[in-house]
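**Student:** sequence first, predicted coordinates after that:
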Amino acid sequence: MARSVVVLTWDLSIPGCRSLKEKRSAVRSLVERMRSRFNVSVAETGLQDVHDRAQVTAALVASDGRQAESLSDRLDSFVEEHGRFLLVSFHRDRVL
């Protein structure tokens, strides 16, 4: 059986965010929505002590490359269209 593993990382800006508490609430909401909607593993992976920036990483496993690419594209669009964050950079790694 062929499988594909993809790791996606977004560096995000959070305009108007004034505290770590506000940031953590916004990031937690994004992470929970991604988990629920796309059934992927997601975590805040960097910039935890910076109140107006976040780094979020998702990992997914799919039965084939086309399915992995499709889900990756949908995740990327979801993050880009989220109204609370501005995309600073994005990185995609295919592991298998």
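**Tutor:** Received it, and whenever you're ready, just let me know what you need. Residues are numbered from 1 along each chain as shown.

**Student:** give me the residues contacting the host helix or strand of residue 72.
**Tutor:** Element membership of residue 72 [criterion: DSSP states H and E] is helix 65-81. Contacts with helix 65-81, where a contact means CB atoms under 8 Å, 6 or more residues apart in numbering, come from 2, 4-6, 8, 10, 12, 30, 33-34, 37-38, 40, 56, 58, 60-62, 85, 87, 90, 92, 94. No exception for glycine: its C-beta is placed from N, CA and C like everyone else's.

**Student:** could you list which of those residues belong to strands?
**Tutor:** Among the contacts of helix 65-81, the members falling in strands (DSSP state E) are 4-6, 8, 10, 12, 56, 58, 60-62, 87, 90, 92, 94.

**Student:** taking those residues, tell me the two that lie furthest apart.
**Tutor:** 4 and 12 (25.0 Å; CB to CB).

**Student:** beyond the lengthiest helix in the chain, next helix or strand please.
**Tutor:** For the chain, the helix with the greatest residue count under DSSP state H is helix 20-38. Counting by DSSP H and E, the element after helix 20-38 in chain order, helix or strand, is strand 41-46.

**Student:** which stretches of this protein have low pLDDT?
**Tutor:** The chain contains residues with pLDDT under 70 at 1-2, 96.

**Student:** gap between residue 34 and residue 77?
**Tutor:** To residue 77, residue 34 is 12 Å away according to CB to CB, to the nearest Å.

**Student:** ignore the last one, residue 91
**Tutor:** Distance of residue 91 to residue 77, computed by CB to CB: 16 Å.

**Student:** got it, and residue 85?
**Tutor:** Residue 85 sits 13 Å away from residue 77, going by CB to CB.

**Student:** can you show me the CA trace of stretch 60-69 as CSV?
**Tutor:** The C-alpha trace of stretch 60-69 is given here as CSV (Å, rounded to 0.1, in the frame of the first residue of the first chain):
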residue,chain,number,x,y,z
LEU,A,60,-1.2,14.3,7.8
VAL,A,61,-1.1,10.7,6.4
ALA,A,62,-2.9,9.8,3.3
SER,A,63,-3.3,6.6,1.2
ASP,A,64,-1.8,8.3,-1.9
GLY,A,65,0.0,11.4,-3.0
ARG,A,66,-3.0,13.0,-4.8
GLN,A,67,-5.1,12.7,-1.6
ALA,A,68,-2.3,14.2,0.5
GLU,A,69,-1.8,17.1,-2.0
